[in-house]
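>>> Okay, predicted coordinates and the sequence, questions at the end:
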Amino acid sequence: MSVAIHEPETITITEAAAQHIERYMEKAQAPAMLLSLKKSGCSGWKYKVEPATTEAFTDNKNTKFMQAHAVLIIPSKDLPNFIGLKIDYVKDQHGLNKKLVFDNPHAEHMCGCGESFSLKEE
């Protein structure tokens, strides 16, 4: 079965984020990293990052992006809310921890703890 993989045209993945995704895939022994939206928190939505199953990887309803050896899968139902998304992997302000950072033009009104956000379409 052939699986269509798209270059990140609508999503920007920095080199640091691509390297993190590659390590994530290796550690989880997964064919890709799955990024989706989940209803949660005081503002309504949060990002859900998890190892992609083989079924998610081969499901043609999901959109797959590849940068270097990093493969990112986004469920098609969530894709409109990810157009223009920039994913980076950065150190926190204290320089002790690193994390994925999502700069999404569709997100607004972050909650105080930074865990959830609302979408402009809502």
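Perfect, I can see it now.
>>> Please make it C-alpha for all contacts and neighbour counts, starting now.
Will do.
>>> mind listing the strands for the chain?
Assigned by DSSP state E, the chain shows strands spanning 12-13, 33-40, 44-51, 62-67, 70-75, 86-91, 98-103, 107-108, 118-119.
>>> And the ones you listed: which comes nearest Lys27?
Of all these, strand 44-51 sits nearest to Lys27, with 9.5 Å by C-alpha to C-alpha.
>>> Which residues does the closest one contact?
Under the criterion C-alpha atoms under 8 Å, 6 or more residues apart in numbering, residues 24-25, 28, 30-40, 115-119 lie in contact with strand 44-51.
>>> Using CSV, write out every CA atom in it.
The C-alpha coordinates for strand 44-51 follow below in CSV (Å, rounded to 0.1, in the frame of the first residue of the first chain):
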residue,chain,number,x,y,z
GLY,A,44,-11.2,24.7,25.1
TRP,A,45,-8.4,23.0,23.2
LYS,A,46,-4.9,21.5,23.6
TYR,A,47,-2.4,19.8,21.4
LYS,A,48,-2.2,16.0,21.8
VAL,A,49,1.2,14.4,20.8
GLU,A,50,1.4,10.6,20.7
PRO,A,51,3.2,7.9,18.8
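>>> In it, which residues are buried?
Gly44, Trp45, Lys46, Pro51 (16 or more other C-alpha atoms under 10 Å).
>>> as a whole number, average confidence for it?
Average pLDDT, strand 44-51: 91.
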